[in-house]
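> Have a look; sequence and predicted model below, questions after that.
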Amino acid sequence: MSTTTGAEPAASEAAGSLSRAGDLFQLLRDGKARTRAELALTTGLARSTVASRIDALMHSGLVGPAGEASSSGGRPPSRFAFNPAARVVLAVDVGATHMIIAVTDLGGRVLAERRLTQDVADGPDVVLDRLVAEGTKLLSQAGRGRDDLAGVGIGLPGPVEHGTGMPVKPPIMPGWDGFDVVRHVRRSLPVPVLVDNDVNIMALGERTGYWPEHENFLFIKVATGIGAGIISSGQLQRGADGTAGDLGHVRVPRGDEVLCRCGNYGCLEALASGPAIAHGLTLQGLQAENGGDVLRLVAGGNLQAIQALRQAGRDLGDVLATVVNLLNPSVIVIGGSLGQAGEHLMAGVREVVYRRSLPLATTHLRIGLSMAGDQAAILGASQMVTQYVLSPAAIEATLQAAG
């Protein structure tokens, strides 16, 4: 095996890996302004090659002028930087009973947002037609047109075959199994449409926005259902069929007599989800129909509700202790509507995870509440699209089509 020494071979190798404008563009995605000379020095490419690549990127609008660098004599050289305002993304979070739609720029900044009450059980035609109609209005509200749309990212509350965007036997989504979501949306919005499980995109949004330095990361959603978004070695893990992270149907020891809607007994979701906790409180004589009622009781200081929420945290901790031993994450973030209850749920999780997991696996483990809150899915849906449309291959295809 040969080895290289000195700057010239290394620069040559860099130039070989950055031979296309799409590859060069990746250096600019950090937002830092650079001159042509700086890019030539970094990549080892000829200045004429860099100049032609930059011209093509500027013509597309993805790169724009960013002032001038200091001059050592003569005319100051121009700087260039990624222009996230060049295009926009329609990011959509479809929940069991809600839909959040946002327009973001290519950097994930929210330009306009709308929150709607929408039952996913109304079926794909109703939900997706509303998504398109409201999304189109929101584009206009943000001062952008359909020609500015780079892509659509959608999170759904059930298992999704990521390669096709089709839901796979989702338990709370009647009529959605095998439905071609991408094709339906592209009839009205002919741009790339990417679909994933809502917890996966929440993990992507939370980690990108607040924990980018952590490559082994878990996002746990506790709401009407319970699920996990798993990021391992910096990559989102979907599993063979898109069902990775389905914690809600892992058996909890104390639930032997509790029937889950999936037909099995003892599932975590049947004990620790919002509806499950509400049902338990109803049996104790309290008025609680859903997770929102549980949060209302907790906020009012109701001791029974606080105790029930803490027990839900212990049940969740029982499952997470096994996950921690298997995956060894450095961060676990608890989100979803019940995550808003803060320390009551968290206390139960921490109590069990730190007691039941291997000491080495918890030495540097952090368990905290979501910082993105109810925008995690929107941020993740936007990120999912930008990762796709700003990839080297996609940029190159865009420039070739424009040329």
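Noted; the coordinates are in hand. Given the structure is predicted, the values throughout are model-derived calculations rather than measurements. Numbers count the residues shown, from 1 in each chain.
> Tell me where the model's unsure across the stretch 301-403 of the chain.
Low-confidence segments of the stretch 301-403 of the chain (pLDDT under 70): 403.
> Ok, the chain next?
For the chain, applying pLDDT under 70 flags the ranges 1-19, 67-76, 403.
> Can you show me the strands along the stretch 301-403 of the chain?
In the stretch 301-403 of the chain, the strands defined using DSSP state E, counting those that start in this stretch lie at 331-335, 366-369.
> Which strands or helices does the longest one pack on?
For strand 331-335, the packing partners by 3 or more CB pairs under 8 Å, 6 or more residues apart in numbering; DSSP states H and E come out as helix 198-210, strand 217-222, helix 343-356, strand 366-369. Using the backbone N, CA and C atoms, a C-beta is placed for each residue, glycine as well.
> Show me how far the second one is from its chain's centre.
The chain centroid and the centroid of strand 217-222 are separated by 11 Å under CA atoms, centre = their mean, to the nearest Å.
> In the sheet, which strands lie alongside the next helix or strand after it, parallel or antiparallel?
Downstream of strand 217-222, the next assigned helix or strand under DSSP states H and E is strand 226-232. Here strand 226-232 has these sheet partners by DSSP bridges: strand 217-222 (antiparallel), strand 235-237 (antiparallel).
> Report the buried residues of the last one.
Going back to what we said before, that points to strand 235-237. Neighbour-count burial for strand 235-237, counted by 16 or more other CB atoms under 10 Å, picks out residue 236.
> immediately after it, which helix or strand?
helix 268-272.
> what comes into contact with that next one?
Residues from elsewhere that reach helix 268-272, judged by CB atoms under 8 Å, 6 or more residues apart in numbering: 222, 225-226, 247-252, 254-255, 258-262, 276, 312-313, 315-316, 318-319.
> Then stretch 354-372?
Contacts for stretch 354-372 (CB under 8 Å, 6+ apart): 202, 205-206, 209-210, 219, 317-318, 321, 324-325, 328-336, 339, 342, 346, 349-350, 353, 376, 379.
> Please apply the same query to stretch 181-191.
In contact with stretch 181-191 (CB under 8 Å, 6+ apart) are residues 90, 124-125, 128, 131-132, 135-136, 146, 149-152, 154, 156, 164-167, 193-195.
> make it 6 Å
Residues outside stretch 181-191 that contact it (CB atoms under 6 Å, 6 or more residues apart in numbering) are 128, 132, 149, 151, 152, 165, 193, 195.
> before we move on, back to that, let me have the strands of the stretch 301-403 of the chain in JSON lines, extended by distance to residue 59 and mean neighbour count.
Output for those, formatted as JSON lines (distance: least, CB to CB, whole Å; neighbours: other CB atoms under 10 Å):
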{"stretch": "strand 331-335", "distance to residue 59": "41", "mean neighbour count": "24"}
{"stretch": "strand 366-369", "distance to residue 59": "44", "mean neighbour count": "15"}
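> Tell me which of the helices and strands packed on strand 331-335 is the most buried.
strand 217-222 (a mean of 28; mean count of other CB atoms under 10 Å).
> and the direction of that strand versus that of helix 198-210, what angle?
Relative orientation of strand 217-222 versus helix 198-210 (axes from the mean of the first three to the mean of the last three CA atoms, to 10 degrees): 130 degrees.
> ok, residues contacting strand 217-222?
Residues from elsewhere that reach strand 217-222 (CB under 6 Å, 6+ apart): 199, 202-203, 206-207, 211, 227-229, 231, 329, 331-336, 338-339.
> Spell out the residue ranges of the strands in the stretch 1-150 of the chain.
Under DSSP E, counting those that start in this stretch, the stretch 1-150 of the chain gives strands at 34-35, 63-68, 78-82, 88-94, 98-105, 110-117, 149-156.
> Quick one, which of those gets closest to residue 301.
strand 98-105 (27.0 Å; CB to CB).
> In the sheet, which strands lie alongside that closest one, parallel or antiparallel?
Partners of strand 98-105 in its sheet, by DSSP bridges: strand 88-94 (antiparallel), strand 110-117 (antiparallel).
> Go through these and pick out the most buried.
By mean count of other CB under 10 Å, the strands paired with strand 98-105 have strand 88-94 as the most buried, with a mean of 29.
> buried set for stretch 128-146?
Across stretch 128-146, burial judged by 16+ other CB under 10 Å covers 128, 131, 132, 134, 135, 136, 138, 139, 142, 144.
> wait, what's in contact with the second one?
Each residue near residue 131 by CB under 6 Å, 6+ apart is listed here: residue 92.
> related to what we said a few turns ago, turn the strands of the stretch 301-403 of the chain into JSON lines, columns for distance to residue 35.
Converted to JSON lines, these look like this (distance: least, CB to CB, whole Å):
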{"stretch": "strand 331-335", "distance to residue 35": "37"}
{"stretch": "strand 366-369", "distance to residue 35": "40"}
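> Can you check which of those strands gets nearest to residue 85?
Using CB to CB, the strands of the stretch 301-403 of the chain put strand 331-335 closest to residue 85, at 28.6 Å.
> From the rest of the structure, what touches that closest one?
Contact with strand 331-335 is made by 202, 206, 211, 214, 217-221, 366-370, 376, as judged by CB under 6 Å, 6+ apart.
> repeat for stretch 291-311
Residues contacting stretch 291-311 (CB under 6 Å, 6+ apart): 274, 277-278, 280-281, 284, 288, 337-338, 341, 344-345, 347-348.
> With distance to residue 53 added, can I get those in JSON lines?
Shown next, in JSON lines, are the contacts of stretch 291-311 (distance: CB to CB, whole Å):
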{"residue": "274", "distance to residue 53": "51"}
{"residue": "277", "distance to residue 53": "56"}
{"residue": "278", "distance to residue 53": "58"}
{"residue": "280", "distance to residue 53": "61"}
{"residue": "281", "distance to residue 53": "62"}
{"residue": "284", "distance to residue 53": "67"}
{"residue": "288", "distance to residue 53": "60"}
{"residue": "337", "distance to residue 53": "47"}
{"residue": "338", "distance to residue 53": "49"}
{"residue": "341", "distance to residue 53": "51"}
{"residue": "344", "distance to residue 53": "54"}
{"residue": "345", "distance to residue 53": "50"}
{"residue": "347", "distance to residue 53": "54"}
{"residue": "348", "distance to residue 53": "54"}
